[in-house]
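>>> give me the fold of what follows.
(one chain, ligands or ions: 1)
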Amino acid sequence: MSVLFYSQADDPVPWRNAFAAALPQMPFQVWPDVEDMESVRYALVWNPPSGLLEKLPKLRAVLALGAGVDALIADPTTPQVPVVRLLDAGLAAQMAEYAVYAVLHFHRRMRDYEKQQQKRTWNQLAPMPASGWSVGVMGTGVIGGIILKHLVTLGYRVRGWSLSGTSIEGVESFVGEDELDAFLSECRVVINVLPLTPSTAGILGVRTFNVMPRGSYVVNIGRGGHLIEEDLLADLDSGQIAGAMLDVFNEEPLPQSSPLWSHPNVIVTPHIAGVTIASEAEEQVIENVKRMERGETPVGVVDRSKGY
Ligand code: GLV
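Below you'll find the predicted structure:
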């Protein structure tokens, strides 16, 4: 039995060391230096090429090196074994930092002050209390929950939207398609951390933007597939949306030709809102392998019918 590691984004060395220390009996094979595909019991992967996993006849589970497993679930060649995703594992705190930074950036008008500084202009813009700002988070699971708590602490009026609802103190909860418009109608900032599934694809589009108050902001740290980029560009140009901070894109790396790069009201970051850090995630992964070796169920098994 062995572990197969595949990722173009993660350094295999700390993972190899962690496995060697915790499970010395389990060889750790790093793609493409794989000597024995037959022995692979666990695949620890991020964005494996389609078709790789189906070549592992003894595979017991796919362990994702991230929280979002949309690509694995959408790939018809992913074997019908449990797919296990990271639950928090250091990602939630990073995503919350990013989200809070984005809200503060827009709310405290940092772009305007940047422009003023370029012109050596000393001009105090009208203050806006946090309590007068409604911030909405789409997706209220492990990651959304932590973002919501931080925003409550900062004094924003906070609302969460999800399919299952949430009961976090200080957060107004909106549930399901029927309550989406009510949720959006007061959001000065919408932060998306939903999983990408067929029902959430394209959820950030003109329909959504038009329900938000004029001059609102969009923060996308879910997946590029949630956002219809042309709709955002059109609504930025019309002023319906005042600004956006985007970490994920339909095509990554974002193509050089994308107008998002140079849009004055868009901040682009290269999918760094939540980066898997081996030292924070290895315990969860190794515990899961140990559980499965004992015949127990790992934590974070994806419900394929839901997609997360
Ligand atoms: C990163 O995008 C992740 O899903 O962990």
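
>>> distance from the chain centre to the host helix or strand of L72, please.
Here L72, judged by DSSP states H and E, is contained in helix 70-74. Mean-position distance between helix 70-74 and its chain equals 14 Å (CA atoms, centre = their mean, to the nearest Å).

>>> any idea which helix or strand comes after that helix?
Taking DSSP H and E, what comes next after helix 70-74 is strand 83-84.

>>> what does that following strand contact?
Strand 83-84 has contacts (CB atoms under 8 Å, 6 or more residues apart in numbering) with 61-64, 69, 72-73, 288, 298-302, 304. Quick note: C-beta positions are derived from backbone N, CA and C, even for glycine.

>>> now swap in stretch 265-276 and tell me
Counting by CB under 8 Å, 6+ apart, 9-10, 46, 65-67, 86, 89-92, 94-95, 98-99, 102, 105, 111, 143, 221, 236, 242-249, 252-254, 260-261 sit against stretch 265-276.

>>> now the buried members of those.
10, 46, 65-67, 86, 89-92, 94-95, 98-99, 102, 105, 143, 221, 236, 242-249, 254, 260 (16 or more other CB atoms under 10 Å).

>>> narrow these to those in helices?
Counted as lying in helices by DSSP state H, out of these, are L91, A92, Q94, M95, Y98, A99, A102, H105, I143, L236.

>>> okay if I get those residues as JSON lines plus distance to S50 and pLDDT?
Converted to JSON lines, those look like this (distance: CB to CB, whole Å; pLDDT from 0 to 100):
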{"residue": "L91", "distance to S50": "25", "pLDDT": "97"}
{"residue": "A92", "distance to S50": "29", "pLDDT": "97"}
{"residue": "Q94", "distance to S50": "28", "pLDDT": "98"}
{"residue": "M95", "distance to S50": "27", "pLDDT": "98"}
{"residue": "Y98", "distance to S50": "30", "pLDDT": "98"}
{"residue": "A99", "distance to S50": "32", "pLDDT": "98"}
{"residue": "A102", "distance to S50": "33", "pLDDT": "98"}
{"residue": "H105", "distance to S50": "38", "pLDDT": "98"}
{"residue": "I143", "distance to S50": "27", "pLDDT": "97"}
{"residue": "L236", "distance to S50": "34", "pLDDT": "98"}
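
>>> if we can go back for a sec, the buried ones among the contacts of stretch 265-276: which ones sit near the ligand?
Filtering the buried ones among the contacts of stretch 265-276 for proximity to the ligand (criterion: CB under 6 Å from any ligand atom) leaves G66, A67, L91.
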